[in-house]
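K.L.:
Let me see the structure of the following:
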Amino acid sequence: MPNESRLTTEGNSRIEIKKSIFIGHCAYVASPAEAADFIAKERKQYPDARHICYAWRTGGDSANQKSSDDGEPSGTAGQPLLALLTDNDLNNTIICVTRYFGGILLGKGGLMRAYRESGLKALSDGRPVEMTAGRKLSVSCDYAFYEKLSRKASLSSWACEDISYGSGVSLTLLVPQSDVGAAETFLADESCGKVVPEDGGEIMIAGGEIALN
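P.N.:
Presented below is the predicted three-dimensional model:
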């Protein structure tokens, strides 16, 4: 799995330029169908808007991306928004920018800057993070070892999720791909071979927030 960036929450923005209002809204979408649903909701929310321009990208595949100027001059809205996604490696993401026309023409360059600024502010508000390739390891252990594992995870870039308590502890350990060998060695050595993880497959793990450009 290649590294990518992804939003952690929906983002919003609102700017005014020469009496035109630009309202940005971005979100995670898993498919073209979800993107279409998102756009339909925006149109329902702003039925009297002059333009609702957008760009979306799913899976990082050029066949699964689309943009629209929605009546604005060609290349002034959809393409700047799509460039924000591609330049920042944001996959499974949609940006919509709704414009209420203020009566003053902005020119092609002004429109491109306005849509980019609105989209960038919305994406920043969505708190994008870097996603890295990793693996899920299913672990069952006693409570004493769980405390040891928890301490190790807190000092590493590992995460313990889906924790279930009973006569022992069952959990899912999320580990970056580069740390899988170290995690397996830790589990084997620190448990004297008693803890043998089950491979739960590849996943993408959220890292720190990124600065957009």
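K.L.:
Beta-bridge partners for Ala133, please?
P.N.:
Met204 (DSSP bridges).
K.L.:
Distance check, it against Tyr165.
P.N.:
Ala133 sits 30 Å away from Tyr165, taking CB to CB, to the nearest Å as the criterion. C-beta coordinates here come from the backbone N, C-alpha and C atoms, glycine included.
K.L.:
Looking at those two, which is more packed in?
P.N.:
A direct count of neighbours by other CB atoms under 10 Å for Ala133 and Tyr165 places Ala133 higher, at 15 against 10.
K.L.:
can you list the weak-confidence ranges in this structure?
P.N.:
Within the chain, the ranges that satisfy pLDDT under 70 run 1-3, 60-63.
K.L.:
any idea which helix is longest in it?
P.N.:
The single longest helix within the chain, with elements called by DSSP state H, is helix 107-125.
K.L.:
Could I get the buried residue list for that helix?
P.N.:
For helix 107-125, burial by neighbour count (16 or more other CB atoms under 10 Å) applies to 111-112, 114-125.
K.L.:
helices or strands up against it?
P.N.:
strand 11-17, strand 20-28, helix 78-87, strand 93-100 (3 or more CB pairs under 8 Å, 6 or more residues apart in numbering; DSSP states H and E).
K.L.:
Just say helix, strand or coil for the closest residue to Thr172 other than its chain neighbours.
P.N.:
Spatial nearest neighbour of Thr172, chain neighbours left out: Asp162 (4.4 Å); criterion: CB to CB, 6 or more residues apart in numbering. Following DSSP: H, G, I helix; E, B strand; the rest coil, the label given to Asp162 is strand.
K.L.:
Asp162 contacts Leu171, doesn't it?
P.N.:
Yes. Between Asp162 and Leu171 there is a contact under CB atoms under 8 Å: 6.1 Å.
K.L.:
So those two - more neighbours on which side?
P.N.:
Higher neighbour count among Asp162 and Leu171: Leu171, with 21 against 12, using other CB under 10 Å.
K.L.:
picking up where we left off before, quick check: which of the helices and strands packed on helix 107-125 is nearest to Tyr54?
P.N.:
With CB to CB as the criterion, Tyr54 lies closest to strand 93-100 of these, at 4.4 Å.
K.L.:
Contacts for the closest one, please.
P.N.:
By CB atoms under 8 Å, 6 or more residues apart in numbering, the residues outside strand 93-100 that reach it are 6-7, 20-29, 35, 38-39, 42, 46, 48-57, 72, 77, 81, 84-85, 115, 118-119, 122-123.
K.L.:
Then stretch 22-38?
P.N.:
With CB under 8 Å, 6+ apart, stretch 22-38 has contacts from 6-7, 10-16, 42, 46, 56, 58, 64, 66, 92-100, 114-115, 117-119, 121-123, 125-126.
K.L.:
again, only this time at 7 Å
P.N.:
6-7, 10-15, 42, 56, 58, 64, 92-99, 114-115, 118-119, 121-123, 126 (CB atoms under 7 Å, 6 or more residues apart in numbering).
K.L.:
Would you map out the domains in this protein?
P.N.:
4-126, 130-209 (automatic domain parsing).
K.L.:
Just name the most buried of those.
P.N.:
Compared across the domains of the chain, domain 4-126 shows the largest average neighbour count, a mean of 18 (mean count of other CB atoms under 10 Å).
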